[in-house]
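# Okay, sequence plus prediction incoming.
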Amino acid sequence: MKLGMLINTAKHVDDIVGICRAALARNHQVSIFAMDEGARLLENAAFVSLAELQGVSMSVCDHSAKMIGANTEGLSPKIVRASQLNNAMMNHSADRVIVL
Amino acid sequence: MVKMLCLLNDGPDTSSAAWIEALSRICAVEVIDLARKEVPYDALVDKIFASDKVVSW
Amino acid sequence: MRVSLAVLNPNIAGGEVQKKIAVLVRERQSEALRMSLGLILVDDLVDVYVLDRKLQAAGETALHLETLKEMDVQVRTNCRENEGMEYLPADAIALSLPRYDHILAY
């Protein structure tokens, strides 16, 4: 099954990483969309490393990243700088969505 | 009855408590306070998919 | 004979089933409404509920709200101070939530 993770704060990185890895271990797919304050996590190594994992797709609202001034230099190409369309696609395809 | 999992991201607050109480009248609600780290992540993932609905407060 | 009540959405490649999404607007109202607008881009059904407080409908928030209404998104509230939205008591909103596939509290 597919777990959607809408990340709109930068307060719960331990939970994000823990839940994401646990879902993968259960053979679920994980889709992560970061926006708003969640875009700050682009500067968090543990968070961005999730994009490298098999079974994870990660995108970030480019508008949020710009508004917040997140440093996106050297960002992994696996993290898609995207629009709210990607959130819509995640919600459309995910079996469950959590917000953190 | 619909099984609804309510995740408290930042612990309980009066607003979420009132909504969870209202939902409890119509759903089988389970509340997990993520801030208390009581549920291992693998068990949490199982609960997320075993529930019909999930709400993160 | 089994009858499927699933709604087919011809605007999505493959005619996938339309999802029903409730957005619960709480503290960060402008971003919640901006996200709601984005969610309609794949033609899922999106309903917005402004919970417990008056919407600070100025600037971008007002623009997002106006656009949502133009796109025929239902915006409901349990706060009587919110003019121009359908008022529903909290119990009625709670009663409606289980019918959504995703409930996004923002």
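Thanks, I have it. Numbers count the residues shown, from 1 in each chain, chains lettered A, B, ... in the order given.
# who's in contact with residue B:53?
B:2-5, B:27, C:97-98, C:100, C:103 (C-beta atoms under 8 Å, 6 or more residues apart in numbering or on different chains). (Glycine included, C-beta is placed from N, CA and C.)
# nearest residue to residue 16 other than its sequence neighbours?
Picked chain A for this. Spatially, and ignoring its direct neighbours in sequence, residue A:16 is nearest to residue A:100 (5.6 Å; C-beta to C-beta, 6 or more residues apart in numbering or on different chains).
# could you do chain B instead?
Using C-beta to C-beta, 6+ apart, the closest residue to residue B:16 is residue B:57 (3.8 Å).
# Same question for residue C:33.
residue C:64 (3.6 Å).
# And the next helix or strand past the helix or strand harbouring that neighbour?
Under the criterion of DSSP states H and E, residue C:64 resides in helix C:59-70. Where DSSP H and E defines the elements, the next helix or strand beyond helix C:59-70 is strand C:74-77.
# who's in contact with the following helix or strand past that next one?
The first helix or strand that comes after strand C:74-77 along the chain, using DSSP H and E, is strand C:86-87. For strand C:86-87, the surrounding residues in contact (C-beta under 8 Å, 6+ apart) are C:74-80.
# Next: stretch A:71-88.
With C-beta under 8 Å, 6+ apart, stretch A:71-88 has contacts from A:6, A:33, A:35, A:42-43, A:48, A:51-52, A:57-63, A:65, C:34-35, C:37-42, C:44.
# same check, this time on stretch C:52-64
B:15, C:25-26, C:29-30, C:33-34, C:36-37, C:65, C:77-79, C:81-82, C:85.
# Could you tell me how many residues sit around residue A:1?
For residue A:1, the count of nearby residues is 13 (other C-beta atoms under 10 Å in any protein chain shown).
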